[in-house]
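Novice: Okay, predicted coordinates and the sequence, questions at the end:
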Amino acid sequence: MNQIRKTLEAVKAGELSVDDALLLLKKEPFVDLGYAKVDLHRGVRQGAPEVIYGAGKTPEQILGILDSMTDSGIGTVLITRLDREKAAAVSAAHPLDYRPEARIGILGRIPEPDGLGTVVVATGGTSDVPVAEEAALTAEIHGSRVARLYDVGVAGVHRLLSHLDEIMGASVIVAIAGMEGALASVIGGLADCPVIAVPTSVGYGASFGGVSALLSMLNSCASGVSVVNIDNGFGAGYLANMINHMEAKK
């Protein structure tokens, strides 16, 4: 539910005056901080607020962007690719929930799931879990129920087959694998829902930092498989959540 809908429903319920609602809608769509133009109307256009990409930003820049978002009334903010040092700096100013494995910081509460069903996040191996947690937490923060199936790769396919109920009951599946990236094709041949494949940079020299898995996934013969960039757990989790909420647009 986007911010405009929430505002209109608050007016309807008598929780917000018409003048206050008008003021909220008239606020400028972005704040220019010099080093960043913070998109405050992202939630109005897309149903979810802007996400802060932590890599390459100083702690001061992250805090400036975060302050501008919270000052505008955005209750839950996601910060991706956030290292421990920057997380400590942010935590000194805000009550940050930091997840080091996923390198994600969360300000505010994770909402109750309200999607169509369950997003399944599956990995080929344990080494793929950091990317998987980025995907899983991204989907959860945006309102999806997530089931995690970790270390179910093709080197022991019976491990995946022991979870057929979860695979066949999913509304969307994120398949994450490095090495040869075969997991996405196997899952794509079992499931009747969209499969989002995420190649990871896990693997030996000939994996070329995830390029081998990327090419394998792009060449998948399984129908219904799409592919995001190498190690892009955030992109996969965000897309999975959008798919999981599509009924709301009918």
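Specialist: That came in fine, so what should we check first?

Novice: Between the two ends of stretch 217-227, how far is it?
Specialist: End-to-end distance for stretch 217-227: 7 Å, by C-alpha to C-alpha, to the nearest Å.

Novice: same check, this time on stretch 168-185
Specialist: End-to-end span of stretch 168-185 (C-alpha to C-alpha): 15 Å.

Novice: go on, stretch 66-84?
Specialist: 17 Å.

Novice: buried stuff in that stretch?
Specialist: Leu66, Ser68, Met69, Ser72, Ile74, Thr76, Val77, Leu78, Ile79, Thr80, Arg81, Leu82 (16 or more other C-beta atoms under 10 Å). C-beta here means a position set from N, CA and C on the backbone, and glycine is covered the same way.

Novice: So which of those are in strands?
Specialist: Using DSSP state E, Val77, Leu78, Ile79, Thr80 are the members of those that sit in strands.

Novice: Quick check: closest non-adjacent residue to the second one.
Specialist: Okay, so that is Leu78. Of all residues not flanking Leu78 in the chain, Val51 sits nearest, at 4.7 Å (C-beta to C-beta, 6 or more residues apart in numbering).

Novice: Assess the claim that the one you found and Thr80 are in contact.
Specialist: Yes: between Val51 and Thr80 there is a contact under C-beta atoms under 8 Å: 6.2 Å.

Novice: Quickly list what's touching both of the two.
Specialist: Phe234 (C-beta atoms under 8 Å, 6 or more residues apart in numbering).

Novice: if I pick the residue nearest to Leu78, what's in contact with it?
Specialist: Counting by C-beta under 8 Å, 6+ apart, Val51 touches Val77, Leu78, Ile79, Thr80, Phe234, Tyr238.

Novice: residues touching the fourth one, list them.
Specialist: Same thing as Thr80. Thr80 touches Val51, Ile52, Tyr53, Gly54, Arg103, Ile104, Glu134, Thr138, Phe234, counting by C-beta under 8 Å, 6+ apart.

Novice: That's all I had, so thanks and see you.
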